[in-house]
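K.L.:
prediction below, plus the sequence it came from.
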Amino acid sequence: MVIIVTFLIVPLTLLGTFSFLPVANMFWYSFTDWNGFSEKNFIGLENYITVFTDPEYFQVFTVSLYYFVATFAQMGLALYFATILSFKVRMKNFFKGVIFFPYLLNGVAIGFMFLLFFQPDGGLDTVLTFIGLGDLTAHWLGNPDIINISLAGTSVWRYMGFNFIIFLGAISSIPNEIYEAAEIDGANRWHQFRYIILPSIKIIVSLNLILAISGALSAFEIPYIMTGGSNGSATFVIQTVDTAFKYGKIGLASAMAVILLFIVVIVTAVQRKFFSEED
């Protein structure tokens with residue numbers, strides 16, 4: 001027992017110092033008007049009220065809706081390709097690599113790639129003009145009405161490979177004998193997907209859904225690199241970072257971080273309630 005405790009001292013100390021203590025401080029800061037330098041004055045729930053009543057801060061939840069909707073398209077595409085490539089398809093290993101490859105790229109590099117892709121007369125406008133759809137060209141990152149659609153689409157391309165590889169692994173674990181028995185009974189590919197694949201990977205789908213929702217709320221890397229949160233593209237995390245380090249409102253930013261934490265906890269609790277493995 002003494003040996004076990006001895007070995008646990010270092011990791012528990014590191015965990016407490018760099019995880020639990022900062023979280024505890026964050027909760028305390030959220031009830032103060034601290035700017036990072038001066039004395040911390042307790043102001044109660046004022047920071048939380050500001051987040052939910054001030055349009056400057058509350059509108060970031062609207063931006064998150066774009067990424068939230070995009071996650072369903074992302075998961076649908078990932079599940080579709082994972083299902084198709086789980087059967088016998090010519091060059092399927094090549095297509096697996098093509099789909100998964102974007103997830104291996106650095107997010108900053110992807111941000112700069114699509115920054116060039118969406119710029120006026122860039123890659124997207126060139127392709128649209130080439131196929132005779134030049135009238136559809138637009139200021140993809142300059143128009144507030146479509147900027148978040150462009151950024152959410154970039155995130156779909158960036159992260160679909162992650163969902164794809166998880167779905168593919170889950171589908172590959174289903175025994176081939178089940179498919180053979182279904183084919184003998186006259187089941188086509190759609191029947192196999194509906195009655196064999198989907199029920200077998202339900203817990204994986206729910207896990208990916210939770211990860212997708214959390215990712216939609218915490219989107220940061222791509223929009224920050226491509227737009228810096230301008231033109232109405234500031235996500236919750238971008239707004240939190242700017243509030244803390246650009247405007248020096250550490251207390252208010254801590255309240256925003258606490259709200260994000262509670263949203264993720266609530267979503268996870270709902271997932272465990274309605275998508276439990278025992279069900």
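P.N.:
The structure has been received and is ready for your questions. Numbering: from 1, shown residues only.

K.L.:
could you check whichever strand or helix holds residue 273 and say which residues are buried?
P.N.:
Residue 273 belongs to helix 250-274 when elements are defined using DSSP states H and E. Of all the residues in helix 250-274, those buried under the rule 16 or more other Cβ atoms under 10 Å are 250-260, 263, 271. (Glycine included, C-beta is placed from N, CA and C.)

K.L.:
now those in a markdown table, with pLDDT?
P.N.:
Converted to a markdown table, the buried residues of helix 250-274 look like this (pLDDT from 0 to 100):
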| residue | pLDDT |
| --- | --- |
| 250 | 91 |
| 251 | 92 |
| 252 | 92 |
| 253 | 91 |
| 254 | 92 |
| 255 | 92 |
| 256 | 91 |
| 257 | 90 |
| 258 | 92 |
| 259 | 90 |
| 260 | 86 |
| 263 | 84 |
| 271 | 70 |
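
K.L.:
closest one to residue 204 out of those, please.
P.N.:
Using Cβ to Cβ, residue 271 comes nearest to residue 204 of the buried residues of helix 250-274, at 12.1 Å.

K.L.:
got the contact list for the closest one?
P.N.:
Residue 271 is in contact with 206-207, 209-210, counting by Cβ atoms under 8 Å, 6 or more residues apart in numbering.

K.L.:
now the residue nearest to the spatial centre of the chain. Its backbone dihedrals?
P.N.:
The chain has residue 215 as the residue nearest its centroid, 2.1 Å off, counting by Cα atoms, centre = their mean. Backbone torsions of residue 215, given as degrees, to the nearest 10, read phi -70, psi -40.

K.L.:
do residue 174 as well
P.N.:
For residue 174, the backbone dihedrals (degrees, to the nearest 10) come out as phi -80, psi 130.

K.L.:
one more: residue 42?
P.N.:
Dihedral angles (degrees, to the nearest 10) for residue 42: phi -70, psi 130.

K.L.:
what about it, how many neighbours?
P.N.:
11 (other Cβ atoms under 10 Å).

K.L.:
ok, now residue 150?
P.N.:
Neighbours around residue 150, by other Cβ under 10 Å: 23.

K.L.:
nearest to residue 13 among the contacts of residue 271?
P.N.:
Among the contacts of residue 271, and counting by Cβ to Cβ, the member closest to residue 13 is residue 210, at 30.5 Å.

K.L.:
tell me the contacts of that closest one?
P.N.:
Applying Cβ under 8 Å, 6+ apart, the residues near residue 210 are 267-268, 271.

K.L.:
quick one: mean pLDDT for the helix or strand hosting it?
P.N.:
Residue 210 is located in helix 202-217, with elements delineated by DSSP H and E. If you average the pLDDT over helix 202-217, you get 81.

K.L.:
which one of the contacts of residue 271 is nearest to residue 141?
P.N.:
Nearest to residue 141 among the contacts of residue 271, with distances taken as Cβ to Cβ, is residue 209, at 28.7 Å.

K.L.:
so, low pLDDT: which residues of the stretch 101-250 of the chain?
P.N.:
Counting by pLDDT under 70, the stretch 101-250 of the chain contains no low-confidence residues.
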